[in-house]
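Participant: pasted the sequence and its predicted model underneath.
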Amino acid sequence: MTIALAGDVHFEGALRGRLEAPATALARLTSTLAAADVAVVNLETSVGSGGRPDPTKRFAFQAPPSTFAALRAAGVDVATMANNHALDFGREPLPATFAAMDRAATQDPPLAVVGLGRDVADAFAPAVVDVGGTLVSTIGATVADQDPTADRTGQWAATPDSPGTADAIADPERLLRAVRSADRSTDVVVVYLHWGIQGERCPSDDQRRLARSLVDAGADVVAGSHTHGLQGDGRLDGPRGQGYVAYGLGNYAWYTPTELTGVLTLSVQPAAERDSRARVTDAAWSPASIGADGLPVPLRGAAEQDARDEIASLRGCAGFSD
């Protein structure tokens with residue numbers, strides 16, 4: 001089976017007008033994402049209407065509920081909203097957000113949203129996709145503790161009594177428990193994190209420590225974004241075999257041109273036995289660059305080879321040799 005991973009998506013700037021026709025808003029992305037059995041992106045915006053932009057933030061993003069229809073039409077199966085923009089307009093829009101999430105989850109094809117919930121248990125709950133009898137769990141969480149767009153951190157974390165994001169900044173134990181639980185009940189576990197330091201091409205020590213803890217807990221794939229640029233990807237040894245970590249997936253559908261982005265598609269062999277783990281047998285990048293319209297354009301020829309060389313060069317400082 002295959003899992004496609006892409007980075008940050010929103011509908012600001014040149015992308016906003018595309019939501020007038022959500023069924024074709026992201027049509028250029030469909031071939032790569034829909035070709036995978038499971039496609040996962042980071043939805044870096046609040047969704048809904050109303051509320052007020054957070055006065056402490058330099059950038060506040062909000063998109064209408066048709067955002068979910070656009071992602072569904074593009075072939076996205078799971079979107080995480082555990083990030084520093086999911087509540088840019090506060091909690092007031094959340095009832096409509098949750099209603100739109102519920103509708104998206106029951107439509108054909110369905111879209112599951114993780115990392116944002118009516119309470120903390122809901123926020124950390126995985127999306128489970130059945131791929132021909134193989135159950136794939138995806139968990140979303142935010143662990144980024146350096147947000148240059150805001151003066152406060154963690155203010156929108158879900159609690160037992162209030163809605164918000166799946167926040168593991170202060171304590172990753174709830175996240176690790178969610179991974180262990182998913183590992184017991186499903187065949188493949190994907191964790192998509194909002195983490196790292198913006199602008200850094202190499203993962204931080206905190207990222208590397210947490211990645212190892214997640215693989216040890218049973219995560220088969222660990223991926224993330226927030227740095228707005230690619231970081232290295234590769235295999236990481238764990239107690240029951242290797243997990244695959246992609247530290248930074250960068251921007252993907254974004255309002256500023258980006259020289260290098262892409263989709264990482266992993267071929268995964270599910271575990272043959274419960275006490276073993278799923279194995280990533282192949283990892284393939286589809287390099288692209290983001291143009292003036294906010295959408296990625298596949299790279300070809302020499303530009304594609306240059307992109308692959310650059311992606312490979314990022315593995316060294318991420319601690320990967322292959």
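Facilitator: Now that the structure is in, tell me what you want to look at.
Participant: can you pull the contacts of the residue most central in space within the chain?
Facilitator: Nearest residue to the geometric centre of the chain (Cα atoms, centre = their mean): residue 42, 3.6 Å. For residue 42, the contact set (Cβ atoms under 8 Å, 6 or more residues apart in numbering) comprises 7, 8, 9, 79, 80, 83, 140, 192, 194, 225, 249. Every C-beta, even on glycine, is put in place using the N, C-alpha and C of the backbone.
Participant: go ahead and confirm the fourth one touches residue 39.
Facilitator: No: assessed by Cβ atoms under 8 Å, residue 79 is found out of contact with residue 39, at 9.4 Å.
Participant: quick revisit: so which of the contacts of residue 42 sit within strands?
Facilitator: 7, 8, 9, 79, 80, 140, 192, 194, 225 (DSSP state E).
Participant: tally of neighbours for the second one?
Facilitator: It stands for residue 8. Residue 8 has 24 neighbouring residues, counting by other Cβ atoms under 10 Å.
Participant: re the thing from before, so which of the ones in strands among the contacts of residue 42 is the most crowded?
Facilitator: Counting neighbours by other Cβ under 10 Å, residue 140 comes out on top of these with 35 neighbours.
Participant: for this protein, which spans come out with low pLDDT?
Facilitator: The model of the chain has pLDDT under 70 over residues 145-154, 274-275, 322.
Participant: now the residue nearest to the centre of the chain, what are its backbone angles?
Facilitator: phi -100, psi 120 (degrees, to the nearest 10).
Participant: could you give the bridge partners of it?
Facilitator: residue 8, residue 80 (DSSP bridges).
Participant: quick one: it and residue 160, what's the gap?
Facilitator: According to Cβ to Cβ, to the nearest Å, residue 42 stands 25 Å off from residue 160.
Participant: just residue 211 next, same as before
Facilitator: Where residue 160 is concerned, residue 211 sits at a distance of 28 Å (Cβ to Cβ).
Participant: then residue 103?
Facilitator: From residue 103 to residue 160 the distance is 26 Å (Cβ to Cβ).
Participant: for those two, indicate the residue with more neighbours.
Facilitator: residue 103 (14 against 7).
Participant: show me what counts as buried in the helix or strand hosting that one.
Facilitator: Following DSSP states H and E, one finds residue 103 within helix 94-106. Across helix 94-106, burial judged by 16 or more other Cβ atoms under 10 Å covers 94, 96, 97, 98, 100, 101, 104.
Participant: so who does the residue lying closest to the fourth one once chain neighbours are set aside touch?
Facilitator: It stands for residue 98. By the measure of Cβ to Cβ, 6 or more residues apart in numbering, the closest residue to residue 98 outside its immediate chain neighbours is residue 118, 6.2 Å from it. Under the criterion of Cβ under 8 Å, 6+ apart, the neighbours of residue 118 are 98, 158, 163.
Participant: my read: the last one touches residue 120, true?
Facilitator: Right, residue 163. No: the pair residue 163 / residue 120 is not scored as a contact, 9.1 Å apart, by Cβ under 8 Å.
Participant: tell me the contacts of residue 70?
Facilitator: Counting by Cβ under 8 Å, 6+ apart, residue 70 has contacts 11, 18, 19, 22, 23, 25, 26.
Participant: and the furthest pair within these?
Facilitator: Greatest spacing in those, by Cβ to Cβ: 11 and 23 (14.4 Å).
Participant: between the two, tell me which one has more neighbours.
Facilitator: residue 11 (28 against 12).
Participant: list the contacts of that one.
Facilitator: 18, 19, 25, 45, 63, 67, 70, 253.
Participant: redo the residues you listed as a markdown table? Include distance to residue 202 and secondary structure.
Facilitator: A markdown table is the format used below for the contacts of residue 11 (distance: Cβ to Cβ, whole Å; DSSP: H, G, I helix; E, B strand; the rest coil):
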| residue | distance to residue 202 | secondary structure |
| --- | --- | --- |
| 18 | 34 | helix |
| 19 | 35 | helix |
| 25 | 34 | coil |
| 45 | 27 | coil |
| 63 | 31 | strand |
| 67 | 32 | helix |
| 70 | 33 | helix |
| 253 | 25 | strand |
